[in-house]
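Undergrad: build the 3D model from these lines:
(one chain, ligands or ions: 1)
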Amino acid sequence: MNMNDDIRPLAGKKTIVIGGSRGIGAAIVKRLARDGAAVAFTYVSRPDRARELVATVESEGGRAIALQADSADASALDRAIAEGAAALGGLDVLVNNAGVLIFGNVDEYRLEDFDRMLSVNVRGVFVAAQAAARHLPRGGKILVIGSNTAERAMIAGSAVYGMTKAAVARLVRGMAWDFAHRGISVINVQPGPTTTDMNPLDGPHVDWVRNASPEKRIADPDEIARFVTYLARPESTYINGVSLTIDGGYSA
Ligand SMILES: NC(=O)c1ccc[n+]([C@@H]2O[C@H](COP(=O)([O-])OP(=O)(O)OC[C@H]3O[C@@H](n4cnc5c(N)ncnc54)[C@H](OP(=O)(O)O)[C@@H]3O)[C@@H](O)[C@H]2O)c1
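TA: Sure, this is the predicted structure:
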């Protein structure tokens, strides 16, 4: 028992973040570790960023393990979750953050891009939940990062991305029922525009996006991470099967 356990609400908890090397996922990894959780996370294309993140967490006294697994590859994803849970000695919270955005109007959208979007953003969420459920105890949590675009399109080119996030919102509702008998809750967090590599500050739509929200700003990834980490805490009870939007009023 660490002296700081009373101020570290996730002390002793074991967590896995799918897609944790950059952006919102990396912010979640850092927050979970600062709250006392041991964290394993997956990455796919940026081992350099994954290594940097492990070093950052360790320099703050936390524990992080990086595992390479493409969420589109069901067996790699399944294996990473098994390896992560084995290395941590169990699993209390899964955060499925991995997602891809291939923007484009439907009339010119390539079928292979459509399949890639579905395989990472929807099938990956399903596979990770199934794999994590083999390890989660009563009180365990599955948190998914969706998007407020599940609710509102507002711009051409987001049909396929928004469809995947709407699918995730519905999957989460069903999973809450399916896992209820095991005491596992399932929650979908729907961020609005957030500054990351997916949505860079020099991107083509940034000014438009900023002006389309009541707060006239784009979130910092840590704002999303603080919310997700709150939901991961054991005292965050009776929240289940729901999509919670955090977008500064963008969908209002
Ligand atoms: N940024 C926004 O404005 C925004 C708004 C609403 C929702 N979201 C959602 O939030 C989540 C994170 O977005 P972000 O903006 O932080 O994205 P990002 O900056 O592009 O980072 C994506 C992260 O997911 C990982 N990843 C991507 N594809 C993966 C795959 N096939 N298998 C495993 N890991 C994969 C990446 O790993 P590598 O580093 O190895 O590539 C990286 O760590 C996504 O689900 C996204 O849809 C984002």
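
Undergrad: what's the local residue count around Ala129?
TA: Residues near Ala129, counting by other Cβ atoms under 10 Å, number 23. C-betas here are computed from N, CA, C, even on glycine.

Undergrad: and what of Lys216?
TA: Neighbours of Lys216 under the rule other Cβ under 10 Å: 9.

Undergrad: got a list of what it touches?
TA: Taking Cβ atoms under 8 Å, 6 or more residues apart in numbering as the criterion, Lys216 is in contact with Arg210.

Undergrad: how about a cut-off of 10 Å?
TA: Shown in contact with Lys216 (Cβ atoms under 10 Å, 6 or more residues apart in numbering): Arg210, Gly248.

Undergrad: can I assume it sits in a strand?
TA: No - counting by DSSP: H, G, I helix; E, B strand; the rest coil, one finds Lys216 to be coil, located in no strand.

Undergrad: secondary structure element for Ala40?
TA: Assigned by DSSP states H and E, Ala40 belongs to strand 38-43.

Undergrad: which other helices and strands does the helix or strand just after that strand contact?
TA: Heading C-terminal from strand 38-43, the first helix or strand you meet, by DSSP H and E, is helix 47-59. Counting contacts by 3 or more Cβ pairs under 10 Å, 6 or more residues apart in numbering; DSSP states H and E, helix 47-59 packs against helix 23-34, strand 38-43, strand 63-68.

Undergrad: so is the strand holding Ala40 next to the ligand?
TA: Yes - interface with the ligand: strand 38-43 contributes Thr42, Tyr43 (Cβ under 6 Å from any ligand atom).

Undergrad: pull up the pairing partners for that strand, direction included.
TA: When pairing is defined by DSSP bridges, strand 38-43 lines up against strand 14-18 (parallel), strand 63-68 (parallel).

Undergrad: mind checking which of those strands is nearest Trp208?
TA: Ranking the strands paired with strand 38-43 by their distance to Trp208 (criterion: Cβ to Cβ) puts strand 14-18 first, at 30.1 Å.

Undergrad: now the angle between helix 23-34 and that closest one, please.
TA: Counting by axes from the mean of the first three to the mean of the last three Cα atoms, to 10 degrees, strand 14-18 lies at 170 degrees to helix 23-34.

Undergrad: I'd like the mean pLDDT over strand 14-18, please.
TA: Taken as a whole, strand 14-18 has an average pLDDT of 99.

Undergrad: how far does that strand sit from the chain's center?
TA: Strand 14-18 has its C-alpha centroid displaced from the chain centroid by 10 Å (Cα atoms, centre = their mean, to the nearest Å).

Undergrad: which of the residues in that strand are buried?
TA: For strand 14-18, the neighbour count (16 or more other Cβ atoms under 10 Å) marks Lys14, Thr15, Ile16, Val17, Ile18 as buried.

Undergrad: now do stretch 81-92
TA: Ile81, Glu83, Gly84, Ala85, Leu88, Leu91, Asp92.
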